[in-house]
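**Student:** all I have is the shape, not the residue letters:
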């Protein structure tokens, strides 16, 4: 890995369930290998309900729940700080208490001043969780790695690049340059699907990646039957033995995704590997 990654950001939001975070371990591992500074945001989501609506008893319950959530977030922050110290990673820990409307603003403010953001995948994401992931992807202007459960160690020895020649794909490939030296890379192009039609062949991208020190192969797969582009990407990643998928992020209307699905939406819902995306 080249020393171009100097600052890494990972965000965790405590909502009251004492959630676990694979992204924290992954971010610590990456920061340790890169010699980068790690900022950890362990936010406590606060609930606000007017006493005039729920009464004194309801207001007391909300206050008690907020205090419990804050304690959980602070406990997570303490574990994160100890883990960073043991790993020899310079870190900054913050534990803001925020209502939902403030969460995305705080996340974006941090993401925009770091080289890379690392966030947990939300397989059964509620609308609020999905909104935070989409904010990082489409509004931060910085690359994001989405980490599925169980992926707590960073590795970028074998990269699968989902390539369609589009601007988002090119942007994400550029953001992956830090991982190219010494890596094995497979460029995957899926044909026969309008959303990922090849504008520039993967063979034209290969020399560019090779100049950055990667060993590159090119693979073209025709979409057939009931298979989906996201499914082809997942299968190709498994066949290649990839440890990181690199893919541009595409945003469609919620109606279109509900009716037809979308590559970005499908991968975010079910990715077997850490997923580097950018817009």
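**Tutor:** Thanks, I have it. Treat the numbers as computed from the prediction; the structure is a model and nothing was measured. Numbers count the residues shown, from 1 in each chain.
**Student:** can you pull the contacts of the closest residue to residue 148 other than its chain neighbours?
**Tutor:** In space, and not counting its chain neighbours, residue 148 is closest to residue 121: 4.5 Å by Cβ to Cβ, 6 or more residues apart in numbering. The way it works is simple: take the backbone N, C-alpha and C, and place the C-beta from them, glycine included. Neighbouring residues of residue 121 by Cβ atoms under 8 Å, 6 or more residues apart in numbering: 22, 146-149, 268, 271, 275.
**Student:** how much space between residue 121 and residue 273?
**Tutor:** For residue 121, the distance to residue 273 equals 10 Å [Cβ to Cβ, to the nearest Å].
**Student:** joint contacts of those two?
**Tutor:** Between them, residue 121 and residue 273 share the contacting residues residue 148, judged by Cβ under 8 Å, 6+ apart.
**Student:** any regions of this protein where pLDDT drops low?
**Tutor:** 1-3, 18, 49-59, 123-130, 193-199, 251-261 (pLDDT under 70).
**Student:** how's it carved up into domains?
**Tutor:** Using automatic domain parsing, the domains assigned to the chain come out as 7-147, 158-278.
**Student:** state the distance from residue 159 to residue 21.
**Tutor:** Distance, residue 159 to residue 21, by Cβ to Cβ: 24 Å.
**Student:** same question, residue 265
**Tutor:** From residue 265 to residue 21 the distance is 22 Å (Cβ to Cβ).
**Student:** so these two - more neighbours on which side?
**Tutor:** Ranked by neighbour count (other Cβ atoms under 10 Å), residue 265 and residue 21 place residue 21 first, with 24 against 20.
**Student:** test my guess that the more buried one contacts residue 120.
**Tutor:** Yes: taking Cβ atoms under 8 Å as the definition, residue 21 is a contact partner of residue 120 at 5.5 Å.
**Student:** all helices of the stretch 151-279 of the chain, in order?
**Tutor:** Taking DSSP state H, counting those that start in this stretch as the test, the helices found in the stretch 151-279 of the chain are 167-175, 202-210, 229-240, 254-260, 263-269.
**Student:** you'd agree residue 75 is in a helix?
**Tutor:** Yes: with DSSP: H, G, I helix; E, B strand; the rest coil as the criterion, residue 75 is part of a helix.
**Student:** hmm, back to that, and the residue nearest to residue 148, its phi and psi?
**Tutor:** Per-residue torsions, residue 121: phi -70, psi 140 (degrees, to the nearest 10).
**Student:** what about it, distance to residue 207?
**Tutor:** 33 Å.
**Student:** and for residue 109, the neighbour number?
**Tutor:** When neighbours are counted by other Cβ under 10 Å, residue 109 registers 11.
**Student:** swap that for residue 66, please
**Tutor:** Counted by other Cβ under 10 Å, the residues lying close to residue 66 total 18.
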